[in-house]
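Asker: have a look; sequence and predicted model below, questions after that.
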Amino acid sequence: MGTRFIPAVDKTLLLAAIVSFIIGNTLTTLWCWLPALTCNTDRPVTTRDIGRNLGAPAGYEIKTILRVSRYEGDNNLPSDPRVTEYLGEKPCVCTGKLHKDFFSEAKWKERQKTQRASLERYTRRRPDFKDFHNQVDGLSPISYPAHGLYVRPLRAVQLEGLRIEWFDGRKQSSGADLGVKLLARRGVFKLLAAVEGVRAAGVKTASLVIRTPDPDRLNLQLQQIVYQNTEFDGNMVDIVELYFGKFNATIPIHIQHRQVTWLYPQGAGRVQDRVTVVVKAFLRYDHVRQLIASFRKFYPGTRIIVADDSPKERYQDVKEEFTHHYRMPDYAGFFAGRNLGLSQVTTEYFLYMDDDHYLKPSTKLETLMSLLDNTDFHVASGAYEDLEEFASAIRVVGNQTYACFEKLRKHYHEIDGFPDCYAADHTENFFLASTAEVKAVGFDPNPAQARVGHQEDS
Ligand SMILES: *[C@@H]1O[C@H](CO)[C@@H](O)[C@H](O)[C@H]1NC(C)=O
Ligand SMILES: *[C@@H]1O[C@H](CO)[C@@H](O)[C@H](O)[C@H]1NC(C)=O
């Protein structure tokens, strides 16, 4: 305890002193705060004492803090190679043919130049929140929406959550102005309302400064700040910079049109209602008819799109119910055919099949459909032709300047709730897929790739 407290008559306080004596020193501070009592104690200084000494106004508390200086010691700790080997991109050494082997020296140089420019345009059109590393400084008193905000082009968004959490007590007691400055690049700042006693400069410009000696009013005004986009763009990121004293913060603002979601009619919810079949065909008309017949038998009424690039001298019309036969230019190619087929799909899912595939009584498309319905996978595939294992891991490894395709015959984990179904990067040419997701990626119809996807026999 160590409190020497000598009240004259107040019985309540006397009682409090006794209770306090019994339960420990928790009440010590309490009666130090009671007015008109001297409280000479030999206990250590508490934050409240400092608060009183500095005269914290009502509604404020003053805290002492112990600020850890940045660790400046020996930073050369040996890294554990079992951990570092997994950091970042997986390095690679290409053992197959290199891309540049397909070009002469001069052609390769020229190609690199145009590719670089092309890449620049591509990345510029795809700004992404995740490209912005927003380091939040733990010492900073600035509270702000660090994850960023969305705004429609030429529309405005309130910078909700802006607040200064603490102030330098000494500056505060001197009555000096507190100032917050905001900068934008593709927009201006406006105030929803002006707070009395706050001076604002640069309203409706890209550089706003607000000043007041009163922390309360400053925070009240900060809650009224609106960012309005002035430079039209359908998909762009602006960065709002905020400065307070020696602290700063950045708020990414994603300027983006509302994204319209693809939603598809579900009919009665059967495979026939929710799945369109896409077939790329080339000459093998008997097979195509067998495929169509197998649907008539097991999933009657399913719409089938056949994209056919057979040469005209051997082209035949396929006239079957629920079948749409599209004739393409001769030898247009495998991927061009898939793209054409996909462009005609109006259901949530599509089933891709080669022309020589057909369904068997044991084919359960419901299982693939259920997998897509209940997981976030975009593509679901089953084994066919009694192949046991046909999934693989295919991915690009390496870094920006040196990368390789890696393809491994393997799969990842088993899917929860779907025994014997495994996650993989790649499957064969029989798969049920989400139309919107695959449309967003598409297939490469470049003539150079045209016949690489699949070897067809005539
Ligand atoms: C990219 O990978 C190659 C091969 O592993 C390596 O030699 C090179 O230093 C890497 N470059 C960068 C920028 O990491
Ligand atoms: C912003 O603050 C960080 C420390 O949190 C500092 O390193 C940086 O220089 C500041 N930036 C500006 C433009 O003041």
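Answerer: Perfect, I can see it now. Ligands and ions are numbered 1, 2, ... in the order given.

Asker: so what's the nearest residue to V93 once chain neighbours are set aside bridging to?
Answerer: Spatial nearest neighbour of V93, excluding adjacent residues (C-beta to C-beta, 6 or more residues apart in numbering): C404 at 7.5 Å. Placement of C-beta: from N, CA and C, glycine included. For C404, the beta-bridge partners are V397 (DSSP bridges).

Asker: correct me, but C404 touches G398?
Answerer: Yes - with contact defined as C-beta atoms under 8 Å, C404 reaches G398; the gap is 5.4 Å.

Asker: for the stretch 51-200 of the chain, which residues are neighbours of ligand 1?
Answerer: P91 (C-beta under 6 Å from any ligand atom).

Asker: which residues of the stretch 51-200 of the chain fall in strands?
Answerer: 142-143, 149-151, 156-158, 163-164, 178-183, 187-191, 199-201 (DSSP state E, counting those that start in this stretch).

Asker: mean neighbour count, distance to I305 and mean pLDDT added to the ones you listed, as CSV?
Answerer: Listed next are the strands of the stretch 51-200 of the chain as CSV, based on neighbours: other C-beta atoms under 10 Å; distance: least, C-beta to C-beta, whole Å; pLDDT from 0 to 100:
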stretch, mean neighbour count, distance to I305, mean pLDDT
strand 142-143, 18, 55, 97
strand 149-151, 17, 37, 95
strand 156-158, 17, 43, 98
strand 163-164, 17, 57, 96
strand 178-183, 20, 53, 97
strand 187-191, 19, 46, 98
strand 199-201, 14, 61, 97
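
Asker: for the ones you listed, give me a markdown table that also has distance to V379.
Answerer: What follows is the strands of the stretch 51-200 of the chain, written out as a markdown table (distance: least, C-beta to C-beta, whole Å):
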| stretch | distance to V379 |
| --- | --- |
| strand 142-143 | 43 |
| strand 149-151 | 29 |
| strand 156-158 | 36 |
| strand 163-164 | 46 |
| strand 178-183 | 45 |
| strand 187-191 | 40 |
| strand 199-201 | 54 |
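
Asker: wait, which of those strands is closest to I394?
Answerer: Closest to I394 of the strands of the stretch 51-200 of the chain is strand 149-151 (C-beta to C-beta; 34.2 Å).

Asker: quick check: which helices or strands does that closest one pack against?
Answerer: strand 156-158, strand 225-229, strand 247-256 (3 or more C-beta pairs under 8 Å, 6 or more residues apart in numbering; DSSP states H and E).

Asker: so G337: helix, strand or coil?
Answerer: helix (DSSP: H, G, I helix; E, B strand; the rest coil).

Asker: what residues are up against it?
Answerer: Neighbour list for G337: K280, A281, A307, D308, D309, M328 [criterion: C-beta atoms under 8 Å, 6 or more residues apart in numbering].

Asker: if we go to 7 Å?
Answerer: Residues in contact with G337, defined by C-beta atoms under 7 Å, 6 or more residues apart in numbering, are K280, A307, D309, M328.

Asker: ok, the third one touching F335?
Answerer: No - look at D309 against F335 with C-beta atoms under 7 Å: they stay out of range, at 10.8 Å.

Asker: these two: who's more crowded?
Answerer: Each of D309 and F335 has its neighbours counted (other C-beta atoms under 10 Å); D309 has more, 24 against 21.

Asker: what's the spacing between G88 and A56?
Answerer: Using C-beta to C-beta, to the nearest Å, G88 is found at 48 Å from A56.

Asker: where do the helices sit along the stretch 351-458 of the chain?
Answerer: Secondary structure of the stretch 351-458 of the chain (DSSP state H, counting those that start in this stretch): helices at 365-374, 435-441.

Asker: highest average neighbour count across those?
Answerer: helix 365-374 (a mean of 17; mean count of other C-beta atoms under 10 Å).

Asker: helices or strands next to it in the packing?
Answerer: Where contact means 3 or more C-beta pairs under 7 Å, 6 or more residues apart in numbering; DSSP states H and E, helix 365-374 is packed against helix 271-274, strand 349-354, strand 379-381, strand 431-434.

Asker: quick one, which of the ones you listed is nearest to ligand 1?
Answerer: Evaluated with C-beta to the nearest ligand atom, those place strand 379-381 nearest to ligand 1, the distance being 29.8 Å.

Asker: any idea how far F247 is from G169?
Answerer: Between G169 and F247 the computed distance is 16 Å (C-beta to C-beta).

Asker: these two: which has the busier surroundings?
Answerer: Set side by side, G169 and F247 show more neighbours around G169, with 17 against 14, by other C-beta under 10 Å.

Asker: the more buried one contacts K63, correct?
Answerer: No - if you go by C-beta under 7 Å, G169 and K63 don't touch, sitting 9.2 Å apart.

Asker: and this structure, what are its domain boundaries?
Answerer: Here the domain parsing of the chain from automatic domain parsing is 96-126, 129-256, 271-390+428-457.

Asker: what about the stretch 201-350 of the chain, any weak spots by pLDDT?
Answerer: Applying pLDDT under 70 to the stretch 201-350 of the chain flags no residue at all.

Asker: switch to 90 and redo it
Answerer: 233-236, 259-262, 315-320, 332-335 (pLDDT under 90).

Asker: show me the strands in it, by range?
Answerer: Using DSSP E, counting those that start in this stretch, the strands of the stretch 201-350 of the chain run over 207-212, 225-229, 235-244, 247-256, 275-281, 303-308, 323-327, 349-354.

Asker: with distance to L218 added, can I get these in a markdown table?
Answerer: Formatted as a markdown table, those follow (distance: least, C-beta to C-beta, whole Å):
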| stretch | distance to L218 |
| --- | --- |
| strand 207-212 | 5 |
| strand 225-229 | 11 |
| strand 235-244 | 9 |
| strand 247-256 | 14 |
| strand 275-281 | 59 |
| strand 303-308 | 63 |
| strand 323-327 | 66 |
| strand 349-354 | 55 |
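
Asker: tell me which of these lies nearest to ligand 1.
Answerer: Of all the strands of the stretch 201-350 of the chain, it is strand 235-244 that lies closest to ligand 1, at 24.8 Å by C-beta to the nearest ligand atom.

Asker: quick one: distance of that closest one to the chain centre.
Answerer: Centroid displacement of strand 235-244 relative to its chain, using C-alpha atoms, centre = their mean, to the nearest Å, is 18 Å.

Asker: quick one, that strand and strand 207-212 angle?
Answerer: Inter-element angle recorded for strand 235-244 and strand 207-212: 30 degrees (by axes from the mean of the first three to the mean of the last three C-alpha atoms, to 10 degrees).

Asker: in strand 235-244, what's buried?
Answerer: M236, V237, D238, V240, L242, F244 (16 or more other C-beta atoms under 10 Å).

Asker: can you get me the start-to-end distance on stretch 93-108?
Answerer: Taking C-alpha to C-alpha, to the nearest Å, the first and last residues of stretch 93-108 lie 20 Å apart.

Asker: likewise for stretch 160-179?
Answerer: Across stretch 160-179, first to last residue, C-alpha to C-alpha, it's 18 Å.

Asker: what number of residues lie near T276?
Answerer: 23.

Asker: wait, it sits on F350?
Answerer: Yes - counting by C-beta under 7 Å, T276 touches F350, with 4.8 Å between them.

Asker: what touches both of these two?
Answerer: Counting by C-beta under 7 Å, 6+ apart, T276 and F350 have no common neighbour.

Asker: having no further points to raise, I will conclude here.
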